[in-house]
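Peer 1: with the input below, show me the fold.
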Amino acid sequence: MPEVEFQDERRAGRLLAVEDGTAVGYIAYFVLAEPPHALVAVHTVVEPGHEGRGIAGGLVRTFYGLAEVEGVPVVPLCPYAASWAAKHPDEAPAAPAEVVSAAKAQLVAGSDLR
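Peer 2: Coordinates of the predicted model:
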């Protein structure tokens, strides 16, 4: 089975899972406009026929890794990402409550996804 690679398409607001040159999944996300500029996951998708192979978990793990490198928290508004984070607290530190509130407000305002 080909290896899945992860590609951050920040301008498009997507973290892609790519296998053999084809996107097989993604996390749709935005960057919180105000400091600390958290990464906010809003939707995780694995394409039909690719489920059950750990792709979604790999996406979320990679997403948290990106945030760690950037020194910002993750706000997992996506139900899958939130569930994964709850199961992996050692890899997915909780964002401060005020950051979560700001992320939810930005999502509602619609200024996040272009």
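
Peer 1: what ranges does the chain have for its strands?
Peer 2: For the chain, applying DSSP state E gives strands covering 4-9, 14-19, 22-31, 39-46, 74-76.

Peer 1: what mean pLDDT does stretch 52-72 get?
Peer 2: For stretch 52-72, mean pLDDT rounds to 96.

Peer 1: contact partners for V60?
Peer 2: Applying Cβ atoms under 8 Å, 6 or more residues apart in numbering to V60 gives the contacts I27, A41, T44, P76, Y80, A81, W84, A85, A92. All C-beta atoms are positioned from the backbone trio N, CA, C, and that covers glycine.

Peer 1: centroid-nearest residue for the chain?
Peer 2: Centroid check for the chain by Cα atoms, centre = their mean gives A41 as the closest residue, at 4.0 Å.

Peer 1: could you report the distance from that one to A82?
Peer 2: The gap separating A41 from A82 is 8 Å, by Cβ to Cβ, to the nearest Å.

Peer 1: next, show the common contact partners of those two.
Peer 2: Each of P76 lies in contact with both A41 and A82 under the rule Cβ under 8 Å, 6+ apart.

Peer 1: many thanks, have a good one.
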